[in-house]
Structures are given as structure tokens and as C-alpha cells.
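Visitor: Coordinates for the following, if possible.
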Amino acid sequence: SAGCSVCAAGTYSSSGSTSCRICVAGTYSLSAGSSSCSPCAAGFYSLSAGSAGCSVCAAGTYSSSGSTSCRICVAGTYSLSAGSSSCSPCAAGFYSLSAGSAGCSVC
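Guide: The predicted structure follows:
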């Protein structure tokens with residue numbers, strides 16, 4: 001409407017607001033004029049407030065919805081691809097010696 005300013009991506013406002021609010025870390029608003037921020041999907045994260053999008057977690061890491069960082073898979077588990085929401089245990093006869101593995105080795 002006339003006289004109102006559009007909130008930038010990474011910010012939002014509700015009806016009747018006098019200013020834009022910054023999306024907190026772990027959330028984002030993709031486009032200008034948003035009425036809310038969305039949590040980053042599992043496998044993604046936003047490190048800082050005011051994000052217009054989320055970054056993907058690398059293989060060997062994972063995150064849950066609304067995360068501000070990726071967590072490293074512990075030894076004995078792995079995440080094969082980027083954007084994982086969890087780590088999988090190595091199958092019987094396989095192992096991963098170190099944290100952050102993208103796969104398991106055969107015994």
C-alpha cells in the first residue's frame with residue numbers, strides 16, 4: 001500500500017508493523033515482503049540472523065530442521081550425501097574410524 005516500505009529478504013513483518021524484523025539464525029525469508037521466516041529444512045542450516053536462504057550440510061554431517069550449524073557424524077556412522085538429516089550406522093562387517101565419514105570401510 002502507499003507509504004509502506006517492503007521488508008527485504010532475510011526480514012519480515014506482520015500487518016500494522018512499524019519496522020521489519022530480522023529472521024533469527026536457523027530461519028530464512030527467501031523474498032522481499034515476507035510475513036514470516038521459515039525454518040531451514042533438515043540437512044540445511046543458516047549460521048547468522050537475516051538469512052535469505054539456507055546452506056546445505058556436507059556429506060559426513062547432518063542437521064535437523066531449524067539448525068544454525070551442521071553436526072558431524074560420530075565414528076561408526078556416516079552420511080553419504082550432502083543435505084542429510086541424520087547419520088546411518090555402518091553395517092555389520094564395515095566400519096568408520098573417524099568422525100565426519102561419508103562412508104564406511106570393509107573390515
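Visitor: Does residue 94 touch residue 107 like I think?
Guide: Yes. Using Cβ atoms under 8 Å, residue 94 is in contact with residue 107, at 6.7 Å. C-betas here are computed from N, CA, C, even on glycine.
Visitor: For the residue most central in space within the chain, give the beta-bridge partners.
Guide: By Cα atoms, centre = their mean, the chain has its centre lying nearest to residue 45, at 1.9 Å. Residue 45 forms beta bridges with residue 55, as assigned by DSSP bridges.
Visitor: That one contacts residue 71, correct?
Guide: No. Using Cβ under 8 Å, residue 45 makes no contact with residue 71, being 9.6 Å away.
Visitor: I'd like to know how far the residue nearest to residue 60 when sequence neighbours are not counted sits from residue 71.
Guide: In space, residue 60 comes closest to residue 100 once its chain neighbours are excluded; the distance is 4.1 Å by Cβ to Cβ, 6 or more residues apart in numbering. Using Cβ to Cβ, to the nearest Å, one obtains 10 Å as the distance from residue 100 to residue 71.
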